[in-house]
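In: sequence unavailable; structure follows:
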């Protein structure tokens, strides 16, 4: 990616709010605002935070039996996804690895799909080539904004009563300040909240309506990362990639029973085998006992000193008040409570395998 | 007391043959919220340019490089329990090391405040 980073429809707002802009996946995005990552993280856990996630790919799928056709690319039960519902999923490859993770919503006359920023160029052609008779349209003229936190219902619901009526993983079209938006009650922080697709020319106007609420402050990608890590949510490229299977990634919860039994998706042979017999490694939570954060790539050893895996995401968890991490450990390891050592700058640091998430998820079911 | 500055955004003050070393406010601001500081121990010797510690912010780890040859006399214990002190008073209470200088002439290679201000613009 040698091109200059692209700007989202909210770029001018980020600058106005004092955002520290960085290049992320080819996009010029705010990593933090003057409040700082810790403050923004706590703002989201305690009140509400607004994130620009317009770098993610928004896609419209139109045609006959789109849900059934998506099942040929994903191990999720999209054929039975009811109108007004959203479901987390992933594209798998023939080897059972994860090509990308995504959210699919049944919007009635179409399906609405959100994919990772860095994989737009892969996912859109993948769907165009393999969803026979489905019109695949990438949307370039809408922003995507997340309002997350226990006060999100107040922030969004005050402007849009229909949003307050949604439950977790439900989606609707509704007006916010006279602007028609797609509002979905989901997110990537472990908190209650919304992701809202807004026409680009109204994105700043609508975002400012949210920010006008006393409980809502802007937050950047730094807080987004520490929030999702505490919530035990995978980041594509760190925790999951083309080689890791959903079973290894502890994502079997995201494959519905019928699909587990029937298969019929790319890589089903490996995934069904791992469901039955266990995978060679699995993603677990790791809590370092000291203060030193364990970053991506840090070796995990069992207490006997053998290498059993590596950290894939690690940082300081502001809500936990100490370092938190996720990583893969080989089969036979990874029960919560297991003591391990993390090799940080050549020194073994004690840590413990823990159940994910680090912070209780706070969804409105 | 004269304060010297390094290109690695450290400050150095000297009393007798012992130097106090810390990071500048500018460096602390750039690092963001500091959550962990790894320090060497009293008695550890090093040469100018050696890595003598690590500062971790929420986002990333950054090395501390020795501005001078010397030996650690004391590592500031405050930072172990309260690494955030480095954000609050990096040029005051939150110094990082007291160092016994090996070669005071190396101070001449460091910058004065005007030089450092020019460096950070």
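Out: Received, thanks. Only a predicted model underlies this, so the values are computations on that prediction, with no experimental measurement involved.

In: make it CA atoms for all contacts and neighbour counts henceforth
Out: Will do.

In: got a list of what residue A:6 touches?
Out: Residue A:6 makes contacts with A:26-28, as judged by C-alpha atoms under 8 Å, 6 or more residues apart in numbering or on different chains.

In: report pLDDT for residue A:2.
Out: Here the pLDDT value assigned to residue A:2 is 59.

In: residue 24: neighbouring residues, count only.
Out: No chain was given, so I picked chain A. Neighbour count for residue A:24, taken as other C-alpha atoms under 10 Å in any protein chain shown: 16.

In: look at chain B instead
Out: Residue crowding around residue B:24 was assessed by other C-alpha under 10 Å; the count is 24.

In: and residue A:358, that's in a helix?
Out: No: in this structure, residue A:358 is coil, not part of a helix, as judged by DSSP: H, G, I helix; E, B strand; the rest coil.

In: what about the contacts of residue A:6, which are in strands?
Out: A:27-28 (DSSP state E).

In: restricted to buried residues, select the contacts of residue A:6 in PyMOL.
Out: This is how PyMOL selects the buried members of the contacts of residue A:6, with burial counted by 16 or more other C-alpha atoms under 10 Å in any protein chain shown:
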select buried, chain A and resi 26+27+28
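
In: what does chain B have sitting close to chain A?
Out: B:32-33, B:35-38, B:56-59 (C-alpha under 8 Å from any C-alpha of the partner chain).

In: narrow those residues to those in helices?
Out: Among those, no member falls in helices (criterion: DSSP state H).

In: possible to save the residues you listed as TSV with pLDDT and neighbour count?
Out: Formatted as TSV, the residues of chain B next to chain A follow (pLDDT from 0 to 100; neighbours: other C-alpha atoms under 10 Å in any protein chain shown):
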residue	pLDDT	neighbour count
B:32	91	20
B:33	93	22
B:35	95	31
B:36	96	26
B:37	97	24
B:38	96	19
B:56	96	23
B:57	94	23
B:58	89	25
B:59	82	22
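
In: which one of these sits closest to residue A:53?
Out: Residue A:53 lies nearest to residue B:59 out of the residues of chain B next to chain A, by C-alpha to C-alpha, at 18.8 Å.

In: quick one: the closest one and residue A:222 touch, right?
Out: Yes: counting by C-alpha atoms under 8 Å, residue A:222 is a contact partner of residue B:59 at 6.8 Å.

In: all the helices of chain B, residue numbers only.
Out: So, for chain B - with DSSP H - the helices run B:25-31, B:78-81, B:85-88, B:113-120.

In: which residues of chain A score low on pLDDT?
Out: A:1-2 (pLDDT under 70).

In: C-terminal to the longest strand that it contains, what's the next element?
Out: Counting by DSSP E, the longest strand found in chain A is strand A:307-317. Sequence-wise, the next helix or strand downstream of strand A:307-317 (DSSP states H and E) is strand A:322-330.

In: one step back: from the contacts of residue A:6, which is closest to chain B?
Out: Using C-alpha to the nearest C-alpha, residue A:28 comes nearest to chain B of the contacts of residue A:6, at 17.3 Å.

In: list the contacts of the closest one.
Out: Contact analysis of residue A:28 by C-alpha under 8 Å, 6+ apart lists A:5-8, A:11, A:21-22.

In: next one: residue A:346
Out: Not one residue lies near residue A:346 by C-alpha under 8 Å, 6+ apart.

In: check contacts around the residue nearest the centre of chain B.
Out: Nearest to the mean C-alpha position of chain B, by C-alpha atoms, centre = their mean, lies residue B:22 at 2.8 Å. By C-alpha under 8 Å, 6+ apart, the residues touching residue B:22 are B:10-12, B:90-91, B:94-97.

In: dump these into JSON lines; add neighbour count as well.
Out: Shown next, in JSON lines, are those (neighbours: other C-alpha atoms under 10 Å in any protein chain shown):
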{"residue": "B:10", "neighbour count": "25"}
{"residue": "B:11", "neighbour count": "26"}
{"residue": "B:12", "neighbour count": "26"}
{"residue": "B:90", "neighbour count": "23"}
{"residue": "B:91", "neighbour count": "20"}
{"residue": "B:94", "neighbour count": "22"}
{"residue": "B:95", "neighbour count": "24"}
{"residue": "B:96", "neighbour count": "26"}
{"residue": "B:97", "neighbour count": "24"}
